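**Student:** Fold the following for me, if possible:
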Amino acid sequence: MRRCFELAGKGLGMTKANPLVGAVIVHNDRIIGEGYHHEFGGPHAEVNAIRSVRDPSLLPDSTLYCCLEPCSHHGKTPPCTLLIQQKGMRRVVISIRDPFPSVNGKGIKHMQEAGIEVEEGCLEDEGRYLNRRFLHYVNHRRPYVILKWAQTADGFIDLEREPGDQEGPRWISNQISRTLVHKWRSEESAIMVGTNTVLSDNPSLNVRRWSGDNPVRITLDRNGRLPNSANILDGSQETIVFTGVNRTYKGKIQLVHADPSYEMVDVMEELFDRQIVSVLVEGGAKLLKAFLESGLWDEARVFTARMQFSQGVKAPEINEKPDESMTLGDTRLDIYRNKLTELHG
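**Tutor:** Below you'll find the model as predicted:
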């Protein structure tokens, strides 16, 4: 099953609204086939695993391990349970059920009715963690939100700057951390920043230091303060702008009307409807604090460097011990998880 998890992770950032799934086929304690879900709309992990088996005659006497319940409905691909049945497989081991309404136990029932032995709950906690984005999206009907910021040793996220400051952003984290952030961008559906961050830093919010697809860019510009020259308005990648001003943009930019009463929960509902499964929130301080205060966050990844600013923009605060900590050169990375969303997850 852990090999299933390892395979599934290869699809991170590529499966869009679909879960991460890996599958392994075992015959006489030997792996004879394996596969994973490569991309949204493509063959499922079970299909790829079955196709990889050189001698199909071994399938009836083999066990299929899969980190998520096989589907039993026609979507973009045929049902996996039907293929499993057609190949004569008699035993399937899964980690967790698929909470998606079209599946959610139906796949298990279909296989059992076909005489297939089904064992579920194998490494269930690890399976839930692997697919925490998808599970949260389905169960909570909002994207999985990851907050990210870098702060100085004395707790500042930036110096006080005016929009358009020619000196640009003051880098706090090191090169290793910046590369890691681009890896994270490639793993999530979308990336979000506030208006002040765009005005001050003019970020491109793409994947330059890593391979993978660019995330959907999101910003909140209620009063239409962003200039058309802003990098995120260049139309080169999918971008969503929440604004209360009627404007016309070129390229791949979509406007969402956001009047003064529009709150963060409304933003989350809109992103859910647009099948945005996860969002990496990169700042600024005001937007990060809004997520923390609303409770609409699930992870926070905080870089702390050795430098000190003495004054400036205070970093958000999480008054809990981190769930994980690691050292990246001269920078510490602390990872926090929202206990309230985990409790109700």
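**Student:** Skip the chain neighbours and tell me the closest residue to Ser294.
**Tutor:** Leaving out its chain neighbours, the residue that sits closest to Ser294 by Cβ to Cβ, 6 or more residues apart in numbering is Met264, at 4.9 Å. Any C-beta I mention is one placed from the backbone N, CA and C, and that applies to glycine too.
**Student:** neighbours around the one you found, how many?
**Tutor:** 18 (other Cβ atoms under 10 Å).
**Student:** Let me see the contact set for it.
**Tutor:** Residues in contact with Met264 (Cβ atoms under 8 Å, 6 or more residues apart in numbering) are 290-291, 294, 296.
**Student:** Burial check on the closest residue to Leu68 other than its chain neighbours, number of neighbours?
**Tutor:** The shortest distance from Leu68 to any non-neighbouring residue, by Cβ to Cβ, 6+ apart, is to Val21 (4.8 Å). Val21: 31 surrounding residues under other Cβ under 10 Å.
**Student:** Got the phi and psi for Val21?
**Tutor:** With angles defined as degrees, to the nearest 10, Val21 sits at phi -140, psi 130.
**Student:** gap between Glu317 and Asp55?
**Tutor:** Distance from Glu317 to Asp55, counting by Cβ to Cβ, to the nearest Å: 59 Å.
**Student:** next one: Ser278
**Tutor:** Taking Cβ to Cβ as the measure, Ser278 falls 39 Å from Asp55.
**Student:** With neighbour numbers in mind, choose between the two.
**Tutor:** Higher neighbour count among Ser278 and Asp55: Ser278, with 24 against 9, using other Cβ under 10 Å.
**Student:** what about that one, distance to Cys71?
**Tutor:** In terms of Cβ to Cβ, Ser278 sits 21 Å off from Cys71.
**Student:** Hmm, Ser216 is touching Lys252, no?
**Tutor:** I think there's a mix-up here, since residue 216 is Val and not Ser. No. Counting by Cβ atoms under 8 Å, Val216 does not reach Lys252; the two are 9.1 Å apart.
**Student:** shared neighbours of the two, anything?
**Tutor:** Both Val216 and Lys252 are contacted by 237-239, under the criterion Cβ under 8 Å, 6+ apart.
**Student:** Report the buried members of those residues.
**Tutor:** Buried by 16 or more other Cβ atoms under 10 Å: 237-239, out of the shared contacts of Val216 and Lys252.
**Student:** Once you drop chain neighbours, what's closest to Glu120?
**Tutor:** Ile94 (4.9 Å).
**Student:** Contact partners for the one you found?
**Tutor:** Residues in contact with Ile94 (Cβ under 8 Å, 6+ apart) are 65-70, 108, 118-120, 122.
**Student:** out of these, which one sits closest to Ala49?
**Tutor:** When the contacts of Ile94 are compared for distance to Ala49 (Cβ to Cβ), Cys66 wins out at 8.1 Å.
**Student:** now the host helix or strand of the closest one, how far from the centre of its chain.
**Tutor:** Using DSSP states H and E, Cys66 sits within strand 63-68. With Cα atoms, centre = their mean, to the nearest Å as the basis, strand 63-68 stands 23 Å off its chain's centre.
**Student:** other SSEs contacting that strand?
**Tutor:** Where contact means 3 or more Cβ pairs under 8 Å, 6 or more residues apart in numbering; DSSP states H and E, strand 63-68 is packed against helix 2-8, strand 22-27, helix 45-51, strand 91-96, helix 124-130.
**Student:** okay, these in JSON lines with mean pLDDT next?
**Tutor:** JSON lines is the format used below for these (pLDDT from 0 to 100):
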{"stretch": "helix 2-8", "mean pLDDT": "98"}
{"stretch": "strand 22-27", "mean pLDDT": "98"}
{"stretch": "helix 45-51", "mean pLDDT": "97"}
{"stretch": "strand 91-96", "mean pLDDT": "98"}
{"stretch": "helix 124-130", "mean pLDDT": "97"}
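**Student:** And stretch 8-16, end to end?
**Tutor:** Length of stretch 8-16, first residue to last, Cα to Cα, to the nearest Å: 13 Å.
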